[in-house]
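Colleague: following is a predicted model, sequence given first.
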Amino acid sequence: EVQLVASGGGMVQPGGSLRLSCAVSGFTFRDAASAMSWYRQAPGKERELVACIGNPYGYTKYRESHRGRFTISRDMSKNILYLQMNRLTAEDTALYYCARGWTCSKEPDDWGQGTQVTVSF
């Protein structure tokens, strides 16, 4: 059974940083269908891709507005996906989901439960 468990969300002040984690089971990052993504959904808005990392070679894809502030990475030995978020603003407030799919160009097939990030004074 595929499981994705996201954690690391919380409340942070503008300009701060957070690192989200997503522990996976039921597959490994070396599997063919293991393009891993972070999505987010803010209240009243559509869900949007934040970043994706896929095989081969761990190529990465970012929403252009996040490039330079957010970094996606993965620990191949622990099967944990990360999202390092820096210089956070109120616009980054959202529920963040990790997800798994075949490639970074397609909608993921499996989703985690989400972790809330709130950026506020």
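Modeller: Received, thanks.
Colleague: centroid residue for this protein?
Modeller: Residue closest to the mean C-alpha point of the chain, counted by CA atoms, centre = their mean, is residue 38 at 2.4 Å.
Colleague: that one sits in which helix or strand?
Modeller: Secondary-structure element containing residue 38, defined by DSSP states H and E: strand 35-41.
Colleague: so where's this protein uncertain?
Modeller: The model of the chain has no residue with pLDDT under 70.
Colleague: which residue packs closest to the residue of the chain most remote from its centre, ignoring adjacent ones?
Modeller: What lies farthest from the middle of the chain is residue 121; by CA atoms, centre = their mean that is 23.7 Å. What sits nearest to residue 121 in space, not counting adjacent residues and going by CB to CB, 6 or more residues apart in numbering, is residue 13, at 5.8 Å. Every residue, glycine included, has its C-beta placed from N, CA and C.
Colleague: just checking, the one you found touches residue 120?
Modeller: Yes - under the criterion of CB atoms under 8 Å, residue 13 is in contact with residue 120, at a separation of 7.2 Å.
Colleague: and the gap between residue 2 and residue 46?
Modeller: Separation of residue 2 from residue 46 (CB to CB, to the nearest Å) stands at 24 Å.
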